[in-house]
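Colleague: Fold the stuff below for me.
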Amino acid sequence: MAEITYRRTGELLRQLFKILMSSPDGMFGRDAIKQLEGSVSLSPYEAGDYPSGGRRFDRIVRFATVDCSKAGWLVKEKGRWSITEDGRKAYSDFTDGEDFYRKARKLYQAWEKNKSGYPSESSFTGEPASQPTELEDSAVEQSADVTFEAADEQARLEIEQFLHSMPPFEFQHLVADLLRAMDYHVEWVSPPGKDGGIDVLAYSDPLGTKPPRIKVQVKRVLQKVDINGLKSFAAVLDDEDIGLFVSAGGFTKDAEEYARSHAKRRITLIDLQRLVELWIRFYDKLAEVARRRFPLTPIYFLTPQD
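Modeller: Got it, this is the predicted structure:
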């Protein structure tokens, strides 16, 4: 008989939490599961595949994280997983794997009963007459949450890899394409070489006679842009300019704070996630050459029911 026990599942979850807690910015779920696999020994059953497709180990872990997410211990945002303060506390309080997972299941049941956000300790009373020791294998295999989550995460990861591998000059033109689709008038895109801190210049009118002038700096690097990089960009902005800083690697927290507090010279930060969201939003208005530069196709899945 197939065994997916509460104890084993809880032990895997605690090890997963340990991995995620060492990554403050979170990790893609598939990367966290891969790290988890490297730190534990899989049983022959876990290492096998379900008849309907998908490896059992991956689906068991993803299925169990649904409970942790509804318990408020784990946040899943745009494919990335990160542990909340409540999750850190639970990891500290429930050192036994089975106790850890049973608590998450209990809080999930409270969430399901209320459907009004994260559950509180008082929102669930009583215990079932008999507590199961194993998860239902069929529920794990057929979970719509797991199927949707894995597909969404895979798509996001492939998009990130595609954009990170794009030549820097091509990436600049992609940003210019997006601005045109948003009805801005792109005056200039910097050729390869030194650019003086400006990669794209755009206006809100065809002749460029009306303020503001939009100055754009584009970084296709993996590293986060820090506050010094943002200050250098701010130095090339005049009083009536608006700055857009596009960074594939994102921004450090001090850079984000600097942009928020920079009232006189307005700066908008665009990381890779926001760039992709805008690209999808304005996809129908993109020129054909722009779509060929970064082609996307929507695929529909059955939405998991909360």
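Colleague: make it CA atoms for all contacts and neighbour counts henceforth
Modeller: Will do.
Colleague: can you pull out the helices in the stretch 201-306 of the chain?
Modeller: Here the stretch 201-306 of the chain has its helices, by DSSP state H, counting those that start in this stretch, at 227-234, 253-261, 272-281, 288-293.
Colleague: Which of these sits closest to residue 41?
Modeller: helix 272-281 (34.5 Å; CA to CA).
Colleague: Quick one: list the elements packing against that closest one.
Modeller: strand 241-247 (3 or more CA pairs under 8 Å, 6 or more residues apart in numbering; DSSP states H and E).
Colleague: what's the average pLDDT for the helix or strand containing residue 105?
Modeller: Using DSSP states H and E, the element containing residue 105 is helix 97-114. Mean pLDDT, computed over helix 97-114, is 89.
Colleague: same thing with stretch 190-200?
Modeller: Throughout stretch 190-200, pLDDT has a mean value of 83.
Colleague: Any stretches of the stretch 101-250 of the chain with poor pLDDT?
Modeller: Within the stretch 101-250 of the chain, the stretches falling below the threshold (pLDDT under 70) are 115-132, 141, 195.
Colleague: could you redo the last one with a cut-off of 50?
Modeller: Within the stretch 101-250 of the chain, the stretches with pLDDT under 50 are 121-129.
Colleague: Tabulate the helices of the stretch 201-306 of the chain in JSON lines, adding columns for distance to residue 173 and mean neighbour count.
Modeller: JSON lines is the format used below for the helices of the stretch 201-306 of the chain (distance: least, CA to CA, whole Å; neighbours: other CA atoms under 10 Å):
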{"stretch": "helix 227-234", "distance to residue 173": "19", "mean neighbour count": "16"}
{"stretch": "helix 253-261", "distance to residue 173": "24", "mean neighbour count": "16"}
{"stretch": "helix 272-281", "distance to residue 173": "13", "mean neighbour count": "16"}
{"stretch": "helix 288-293", "distance to residue 173": "8", "mean neighbour count": "14"}
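Colleague: circling back: identify each buried residue in the helix holding residue 105, please.
Modeller: By 16 or more other CA atoms under 10 Å, the buried positions in helix 97-114 come out as 97-111.
Colleague: who does that helix touch, helix- and strand-wise?
Modeller: Under the contact definition 3+ CA pairs under 8 Å, 6+ apart, helix 97-114 sits against helix 6-21, helix 56-70.
Colleague: Sort out which residues of the last one are buried, please.
Modeller: Meaning helix 56-70. For helix 56-70, a neighbour-count test (16+ other CA under 10 Å) marks 56-70 as buried.
Colleague: helix or strand right after the helix or strand where residue 75 lies?
Modeller: Using DSSP H and E, residue 75 maps to strand 74-77. Counting by DSSP H and E, the next helix or strand C-terminal to strand 74-77 is strand 80-83.
Colleague: So what are the sheet partners of that following strand and their directions?
Modeller: strand 27-28 (antiparallel), strand 74-77 (antiparallel) (DSSP bridges).
Colleague: how far out from the middle of the chain is the first one?
Modeller: The offset between the C-alpha centroid of strand 27-28 and the centroid of the whole chain comes to 7 Å, using CA atoms, centre = their mean, to the nearest Å.
Colleague: and if you look at the last one?
Modeller: On the basis of CA atoms, centre = their mean, strand 74-77 sits 8 Å off its chain's mean C-alpha point.
Colleague: list the buried ones in that strand?
Modeller: Neighbour-count burial for strand 74-77, counted by 16+ other CA under 10 Å, picks out 74, 75, 76.
Colleague: For residue 10, give me its contacts.
Modeller: Counting by CA atoms under 8 Å, 6 or more residues apart in numbering, residue 10 makes contact with 96, 97, 98, 99, 100, 101, 102.
Colleague: Let's have those in TSV, adding distance to residue 295.
Modeller: Shown next, in TSV, are the contacts of residue 10 (distance: CA to CA, whole Å):
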residue	distance to residue 295
96	48
97	44
98	46
99	47
100	44
101	42
102	44
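Colleague: Much appreciated, bye for now.
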